[in-house]
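Engineer: I'd like to go over a predicted model; first the sequence, then the structure.
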Amino acid sequence: MGTIIGAGASMLREDDVSTNGSGAEATAADVDLDVVVVGAGFAGMYLLHRLRGLGLSARVIEAGADVGGTWYWNRYPGARCDIQSVDYSYSFDPELDETWKWTEKYAPQPEILRYAQHVADKHDLRRDIQFSTRVESAVWDESASRWQLRTSDGRTITSRFYVMATGCLSMPKEVDIAGTDRFAGEVYFTSRWPHEGVDLSGKRVGVIGTGSSAIQSIPIMAAEAAQLTVFQRTPNFSMPANNGPIPQEKLDALAKGRPQYREAARWSGAGVTVEISTTSALAVSEEERLAKYEDVWEHGGIIQVINSYMDNLVNPAANELLCEFVRNKIRATVNDPETAEALCPKTFPIGTKRLCVDTGYYETFNRPNVRLVDLREHPIASITETGVDLVDESLEFDVIVFATGFDAMTGAIVGVDITGRDGLTLKQAWSEGPKTYLGLMAAGFPNLFMITGPGSPSVLSNMMVSIEQHVDWIADCIDQLRADGLSTIEPTPAAVDGWVQHVNDYASITLMPQANSWYMGANVPGKPRVFLPYAGGVDRYRTICNEVVADDYLGFERRGPDGQRRNDGVVRRVQPDVQLMLEAMAGMNLPTMDSMSAAEAREFSNAIAAQRAPGPDVGEIVDGVLPGAAGDLTYRLYRPASPGPHPIVVYFHGGGWVLGSHDSDDPLCRDLCVRSDAILVSVDYRHAPEARFPAAADDAFAATQWIAENAAALGGIPGDLAVAGWSAGGNLAAIVSQLARDAGGPRILGQLLLTPVTDCDFSRASYTENADGYVLTTPLMHWFWNHYADPEDRTSPKASPIRAESLADLPPAMVVTCEFDPLRDEGAAYAEALAAAGVPVRHLPCRGQIHTSLPAVDMLLSGVQIRAEMAAAIRGFFTANVPA
Ligand code: FAD
Ligand code: NAP
């Protein structure tokens, strides 16, 4: 085997982990401390500083021989930061901020390492850091309320608190290529590059991998080596660093006020203040779009590029436009068209892996001594004694460089054998993927903190900002426990489950899960495939963490000699995109509808409807008039593009019997038409207070009768009729189903009731739990009822369908309810009552949704699956596929 210079715990540099601790003296076999911190990267260093400031006894254990973490280990040629150095630096020490001068926009690794060493010197950190020592195991001792750590020098340390500052990208991925240990030449890992450097001159070098590390190092290695062969499995998107002096606008912004500049970064989405677009890439001309792309490409960085348009990371079509812009840059740079095409990423959306930043990467492939091997076309069969055997060619090398990445985010944490309460190991607890609360702690592991752990923004941000936020939160938490006379803290299982759900919910409204990235754990064979970081942004995340503290440590249990404080709860339950919508609405300071007259409310709701996304195209839209119970009613028919005739769904819009029209629910009708391949006829009906109860119900039934009679003329299949409606329209659809049953026709094959009004009773819990804050409020429901029906009429089944004498023999139903809706419980009660009466019914409770989520087509990605299920129910009505 060649000179393996290290790949992970098993292959660390020999001079790093020794059996004798250096730095801080481990004076006794058993040391007891307030806090042990693992890792002396930027996280561990700042935490040590904070803990000392609190007067706590603390020690940092570090596997490397000095501070710096990432910047200590990753010494490959060309290593630099990808966030500008003035941003990628500590903010906690204003003096440091003023005195340290970065030489370049993106400082090289040696300079960043010198910076870390300078901070260690300035704050005299090394005296409490034990270098060249690895923490191997940690066991929670319940009786002593302490962690017991075993280190590679054979010692035991006990501590009240134990913090993993072990880094998201510190555990190199095990090499998973056959024959790696057979190679007789030199082997290097970018993540464990020799301190003394490597002389590649005159050598034949093979580089495996094309991630950030490879992309930074390849141009430099190519200039030195006799030949360089790049083995690429998946091409990556990379943008030019355009490195040089710190840009003037940065210097100007800093000159205006450093504290304000830093504070703005803390409250930004990615930990760097950049302009955030509120425009869709699809809403501007090609010329305008390309000009914008060029601008961020030339003058911005990875965060500006990804934020160039608001929908880059959520809309595949918008993303593809940016992808193609970058591909064209590659095509324009690389001379050989075949090589250029092979370098163009086509298998994942841009931004779903961290965008790379390079200096001359694509240009390198124009050099005569550089060759690209596309492993998708020519897979590696094995590494041999002399080089690499592809399935169709043998290549010989003097040196192989592995730039194959890391077991990211969880590798270093579960790399320590951690056992919590009741013998539960962290590996077991995380066997299906990491489960944390806020990315800070795990249930069953008291007093164990993680810095930038899975479930926090971490790697999706300028990590310096995320590190400082976590360190401050943890230090403040420990300080508060001490002040409160408490000794332990851990999250509750419900808080953890809720947070894991929220992290997944956020990821799933983005394109992030579509890439086989290390964010997804997809780069390590056998690793559970879950999205690891929190995609909600640094600013939103900081708000949540602060809120948890302000709410008396919501989701945590804290214990002390005087008892326990358990504040169980879930910090975010509303779907993230719904939350964004609510925040946007709150920012508009809109008046409440129940403070308006009916006419004003109609005008207001029409104005809101006019601003919405239009919904998908359908085959044909026909506006018409039909006879209602007391005069003509307008309707809008949506016909699918497929050849007819089609089944017909009569649809009733929402609006509390007071407002709304076929315009207000137009996007939803389009969506249901496309997805279900049925005609939707959205019928207007008379509104209150001008036409009070039972005008709306009578109109709805009359319209349904007319549509049934005229089905063939409308392009429908006679007899294939269902009803649907949202909110008050759901009320009407339920009532029409009852009236048709009682009148002996028309025959209705199914009823789709979307967050329907089913009862006039306000005593159900959802009216109090969701009384305010979720658009439809309890006062507004009172306002609707008051406009529509006198109190003595409200208990009629024609107003409150749940009060019908019998619900037997009604059409099969799907009832959709939303968690944060005052109408939630009466919808659920109606579904239950239908089922009890023997009606086939499916109740679809929508987690984290609000009353107005269902018609918000093209605004809420979290509603897509719900609408797909609604459409499936409609199809089921017509194929006698009774809902289950
Ligand atoms: P690390 O710096 O990884 O430090 C963790 C330390 O813990 C390591 O020194 C390790 O030896 C030690 N350790 C781990 N396990 C044990 C154990 N069991 N016992 C003892 N010691 C242990 N982020 C950005 O925001 N911008 C950038 O430009 C950027 N560039 C990067 C470039 C590279 C090449 C890499 C790999 C990452 C980059 N990152 C960047 C992410 C980077 O990891 C963080 O910015 C930051 O440096 C992490 O600091 P940390 O202290 O959390 O972890
Ligand atoms: P990486 O992004 O995970 O890239 C690893 C590369 O190795 C990928 O191209 C991968 O291909 C390839 N690979 C892995 N196993 C392979 C195998 N068995 N056969 C063939 N190819 C294989 O790792 P990285 O480049 O070290 O970067 C990791 C992260 O560190 C970055 O995303 C970034 O956050 C940070 N970083 C930042 C900078 C910077 O610019 N400041 C520099 C370096 C690193 P597949 O894609 O097909 O898996």
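Structural biologist: Great, that's in hand. Ligands and ions are numbered 1, 2, ... in the order given.
Engineer: and the residue of the stretch 151-300 of the chain closest to ligand 2?
Structural biologist: Nearest residue of the stretch 151-300 of the chain to ligand 2 (CB to the nearest ligand atom) works out as Gly211 at 2.1 Å. The way it works is simple: take the backbone N, C-alpha and C, and place the C-beta from them, glycine included.
Engineer: my guess is that residue contacts Cys356. True?
Structural biologist: Yes: under the criterion of CB atoms under 8 Å, Gly211 lies in contact with Cys356, with a separation of 7.1 Å.
Engineer: show me whatever sits in contact with both of those two.
Structural biologist: With contacts defined as CB atoms under 8 Å, 6 or more residues apart in numbering, the residues shared by Gly211 and Cys356 are Asn236.
Engineer: contact partners of stretch 97-106?
Structural biologist: Counting by CB under 8 Å, 6+ apart, stretch 97-106 makes contact with 80-86, 89-91, 111, 115, 118, 241-247, 258, 262, 357, all of which sit outside it.
Engineer: ok, now with 6 Å
Structural biologist: The contact list for stretch 97-106 (CB atoms under 6 Å, 6 or more residues apart in numbering) reads Arg80, Cys81, Gln84, Ser85, Ala241, Asn243, Gly244, Ile246, Arg258.
Engineer: among those residues, who's most crowded?
Structural biologist: The most crowded member of the contacts of stretch 97-106, judged by other CB atoms under 10 Å, is Cys81 (25 neighbours).
Engineer: pretty sure Ala734 is in a strand, no?
Structural biologist: No: according to DSSP: H, G, I helix; E, B strand; the rest coil, the state of Ala734 is helix, so it is not within a strand.
Engineer: excluding sequence neighbours, find me the nearest residue to it.
Structural biologist: In space, not counting the residues next to it along the chain, Ala734 is nearest to Pro801; the distance is 4.1 Å by CB to CB, 6 or more residues apart in numbering.
Engineer: who are the contact partners of Val548?
Structural biologist: Under the criterion of CB under 6 Å, 6+ apart, the contact partners of Val548 comprise Leu554, Val571.
Engineer: and the stretch 401-550 of the chain, which of its residues are near ligand 2?
Structural biologist: Contact residues of the stretch 401-550 of the chain with respect to ligand 2, defined by CB under 6 Å from any ligand atom, are listed as Ala403, Thr404, Gly405, Phe406, Val459, Trp518, Asn523.
Engineer: ok, now the stretch 1-150 of the chain?
Structural biologist: Arg80, Cys81, Asp82.
Engineer: quick check: the gap between the closest residue to the first one other than its chain neighbours and Asp82.
Structural biologist: Read that as Arg80. Spatial nearest neighbour of Arg80, excluding adjacent residues (CB to CB, 6+ apart): Tyr106 at 4.6 Å. Applying CB to CB, to the nearest Å, the value for Tyr106 to Asp82 is 7 Å.
Engineer: go on, Met221?
Structural biologist: Using CB to CB, one obtains 19 Å as the distance from Met221 to Asp82.
Engineer: of those two, who's got more company?
Structural biologist: Set side by side, Met221 and Asp82 show more neighbours around Met221, with 25 against 19, by other CB under 10 Å.
Engineer: for that one, what are its contacts?
Structural biologist: Met221 makes contacts with Leu200, Val205, Leu228, as judged by CB under 6 Å, 6+ apart.
Engineer: report the closest residue of the stretch 1-150 of the chain relative to ligand 2.
Structural biologist: Counting by CB to the nearest ligand atom, the stretch 1-150 of the chain gets nearest to ligand 2 through Asp82 (3.5 Å).
Engineer: pretty sure Ser145 sits against Leu486.
Structural biologist: No: in this structure, Ser145 sits apart from Leu486 without contact. The criterion is CB atoms under 6 Å, and the distance is 10.4 Å.
Engineer: more crowded one of those two?
Structural biologist: Here Ser145 and Leu486 are compared on neighbour count by other CB under 10 Å; more neighbours surround Leu486, at 18 against 15.
Engineer: the more buried one contacts Pro561, doesn't it?
Structural biologist: No: in this structure, Leu486 sits apart from Pro561 without contact. The criterion is CB under 6 Å, and the distance is 8.7 Å.
Engineer: state the pLDDT value of the spatially closest residue to Lys203 that is not a sequence neighbour.
Structural biologist: Once its chain neighbours are removed from consideration, Lys203 has its nearest residue in Asp398; the separation is 4.1 Å (CB to CB, 6+ apart). The per-residue pLDDT reported for Asp398 equals 98.
Engineer: repeat that for Ala586.
Structural biologist: For Ala586, the pLDDT comes out at 88.
Engineer: chain center to the one helix or strand it maps to: distance?
Structural biologist: Counting by DSSP states H and E, the element that carries Ala586 is helix 576-588. The gap between the average C-alpha position of helix 576-588 and the chain average comes to 17 Å, counting by CA atoms, centre = their mean, to the nearest Å.
Engineer: that helix: which residues count as buried?
Structural biologist: Burial within helix 576-588, assessed by neighbour count using 16 or more other CB atoms under 10 Å, is assigned to Pro576, Asp577, Val578, Gln579, Leu580, Met581, Leu582.
Engineer: export the residues you listed to TSV and tack on distance to ligand 2?
Structural biologist: Listed next are the buried residues of helix 576-588 as TSV, based on distance: CB to the nearest ligand atom, whole Å:
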residue	distance to ligand 2
Pro576	23
Asp577	26
Val578	30
Gln579	27
Leu580	26
Met581	31
Leu582	32
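Engineer: and for the residue nearest to Lys203, the neighbour number?
Structural biologist: Tallying neighbours of Asp398 according to other CB under 10 Å, which is how burial is gauged here, yields 19.
Engineer: tell me the contacts of it?
Structural biologist: Under the criterion of CB under 6 Å, 6+ apart, the contact partners of Asp398 comprise Gly185, Lys203, Arg204.
Engineer: cool, and Glu690?
Structural biologist: Shown here is Glu690, which makes no contacts under the criterion CB under 6 Å, 6+ apart.
Engineer: can you pull the pLDDT of it?
Structural biologist: Predicted confidence (pLDDT) at Glu690: the value is 98.
Engineer: and the gap between Ser201 and Pro108?
Structural biologist: To Pro108, Ser201 is 20 Å away according to CB to CB.
Engineer: tell me the secondary structure for the spatially most central residue of the chain?
Structural biologist: Taking CA atoms, centre = their mean, the centroid of the chain lies closest to Ala507, which sits 2.7 Å from it. Assigned with three-state DSSP, Ala507 falls in the helix class.
Engineer: and if you look at Asp472?
Structural biologist: On the three-state scheme (three-state DSSP), Asp472 is labelled helix.
Engineer: wait, is the residue of the stretch 1-150 of the chain closest to ligand 2 part of a helix?
Structural biologist: No: according to three-state DSSP, the state of Asp82 is coil, so it is not within a helix.
Engineer: if I pick the nearest residue to it once chain neighbours are set aside, what's in contact with it?
Structural biologist: The shortest distance from Asp82 to any non-neighbouring residue, by CB to CB, 6+ apart, is to Val357 (4.2 Å). Residues in contact with Val357, defined by CB under 6 Å, 6+ apart, are Asp82, Met239, Ala241.
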